[in-house]
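J.: Quick check, what structure comes out for this input:
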Amino acid sequence: MADDITTLRRILTACRTIAVVGLSADWNRPSYFAAKYMQHHGYRIVPVNPRYEEVLGERCYASLADIPHAVDMVDVFRRTQDVLPIAEQAIAIGAKCLWQQLGVMNLEADRLARAAGLDSVLDRCVKIEHARLFGGLHWAGVNTRVISARRPH
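T.: Now for the predicted structure:
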């Protein structure tokens, strides 16, 4: 699993366009909060949810296959049992990373993504990891498990 600090930092540095599958337009949902945070930190968010036309000021797509431009990361806010076809779509569109959010751990999708050459992250929140590695949580006294005398860029 891609859970070491170096790998997570590399993924979050390289993957600047994030398709968020299951992104809700409700401000109080975790998917909205995480996507808004990432958008605020310079990432391009591509909402994927057939229920909406627009979320966070971005056009919303019904599926990954409908996105007309390149996507670096597919961030999944769906139930574990729904992830395998999403992983297949992520591979088909040429994504670099499949990221399964907190509580989502489809091991078959993980194996499929890795076999196709994608980075794969399970059971982690992209917002939490970004804040931990780049956002200065350590300055607020949170134990980020990152020991360094240098501020991250």
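J.: So what sits opposite the residue most central in space within the chain in the bridge?
T.: Taking Cα atoms, centre = their mean, the centroid of the chain lies closest to residue 75, which sits 3.3 Å from it. Beta-bridge pairing of residue 75 under DSSP bridges involves residue 20, residue 99.
J.: So it sits against residue 21, correct?
T.: Yes - contact criterion Cβ atoms under 8 Å: residue 75 and residue 21 qualify, at 6.9 Å. All C-beta spots, glycine's among them, are computed from the backbone N, C-alpha and C.
J.: what about residue 69, how many neighbours?
T.: 8 (other Cβ atoms under 10 Å).
J.: Once you drop chain neighbours, what's closest to it?
T.: residue 17 (7.6 Å; Cβ to Cβ, 6 or more residues apart in numbering).
J.: My guess is the one you found contacts residue 75. True?
T.: No - using Cβ under 8 Å, residue 17 is not in contact with residue 75, being 10.7 Å away.
J.: Show me which positions of stretch 119-129 end up buried.
T.: By 16 or more other Cβ atoms under 10 Å, the buried positions in stretch 119-129 come out as 119-122, 124-129.
J.: Helices - which of the residues you listed land there?
T.: In this view, the buried residues of stretch 119-129 that belong to helices under DSSP state H are 126-129.
J.: neighbours around residue 49, how many?
T.: Using other Cβ under 10 Å, residue 49 has 20 other residues around it.
J.: do residue 57 as well
T.: Residue 57 has 8 neighbours, counted by other Cβ under 10 Å.
J.: start at 814 instead
T.: Taking 814 as the first residue, the last one we looked at is residue 870.
J.: gap between it and residue 917?
T.: As judged by Cβ to Cβ, to the nearest Å, residue 870 and residue 917 stand 26 Å apart.
J.: Repeat that for residue 908.
T.: From residue 908 over to residue 917 the distance is 16 Å, taken as Cβ to Cβ.
J.: Identify the residue spatially nearest to residue 844, adjacent ones excluded.
T.: Distances taken as Cβ to Cβ, 6+ apart put residue 890 closest to residue 844, at 4.0 Å, once the chain neighbours are dropped.
J.: Contacts only, for the one you found.
T.: Taking Cβ atoms under 8 Å, 6 or more residues apart in numbering, we find residue 890 in contact with 833-837, 843-844, 847, 914, 917.
J.: now the helices for this protein?
T.: Secondary structure of the chain (DSSP H): helices located at 818-827, 843-853, 896-905, 920-928, 939-946.
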